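Engineer: Here is the input, now give the coordinates:
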Amino acid sequence: MTVTDRIRASAVPAARATLDARLQELMALPSLAAQLLLSAADQLSKSRPGDDLTITGWGRTLARADQRVLSGYPQAVAQHAARRAMSALSAELWDGARTRGEWAISLRSAAKTV
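Structural biologist: Predicted coordinates:
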């Protein structure tokens, strides 16, 4: 079976057309670093968003996000994504006490940069 390539007006094998479609889907996904930040933000906004975020709470949130997003990837890939995610967090974000909901908003904003 062949599919017509609209740009080149030529036939391409169906397998390649399927691969191209899958590649486009993958390219539309956020990076692993962004997914990590978004997963953490989702957790913070769903669980007591009005409470202050403690160091322990941040550690647990990050560990859960890491487990959800990065499990199954090679260690080097997971570590690189985690480093990129943490480097996206500005110094201003760490200053002062913030609620879990405020952190969630900031994490979603940071996710757009990685």
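
Engineer: how close does Asp95 sit to Met27?
Structural biologist: In this view, Asp95 and Met27 are 35 Å apart by CB to CB, to the nearest Å. Bear in mind the C-beta positions are built from the backbone N, C-alpha and C, glycine included.

Engineer: Could you do Leu19 as well?
Structural biologist: Leu19 is 12 Å from Met27, by CB to CB.

Engineer: which stretches of this protein aren't confidently modelled?
Structural biologist: 1-17, 26, 96-97 (pLDDT under 70).

Engineer: Show the contacting residues for the residue nearest in space to the middle of the chain.
Structural biologist: Computing the C-alpha centroid of the chain and ranking residues by CA atoms, centre = their mean puts Gln35 first, at 1.1 Å. The contact partners of Gln35, taken as CB atoms under 8 Å, 6 or more residues apart in numbering, are Leu29, Val69, Ala81, Ala111.

Engineer: Report the contact partners of the first one.
Structural biologist: Spelled out, that is Leu29. Gln35.

Engineer: I'd like the distance between it and Arg100.
Structural biologist: 26 Å.

Engineer: Over to the third one?
Structural biologist: For Ala81, the distance to Arg100 (CB to CB) stands at 23 Å.

Engineer: State the distance from the residue nearest to the centre of the chain to Leu29.
Structural biologist: For Gln35 relative to Leu29 (CB to CB), the value is 8 Å.

Engineer: again with Arg98
Structural biologist: 28 Å.

Engineer: ditto for Gln43
Structural biologist: For Gln43, the distance to Leu29 (CB to CB) stands at 19 Å.

Engineer: Please apply the same query to Ser106.
Structural biologist: 22 Å.

Engineer: Over to Gly50?
Structural biologist: Gly50 is 31 Å from Leu29, by CB to CB.

Engineer: Which parts of this protein are helices?
Structural biologist: For the chain, the helices defined by DSSP state H occupy 14-28, 32-46, 55-70, 75-87, 91-94, 100-111.

Engineer: Check the separation of the first and last residues in stretch 82-98.
Structural biologist: 22 Å (CA to CA, to the nearest Å).

Engineer: Could you give the number of residues near Tyr73?
Structural biologist: 13 (other CB atoms under 10 Å).
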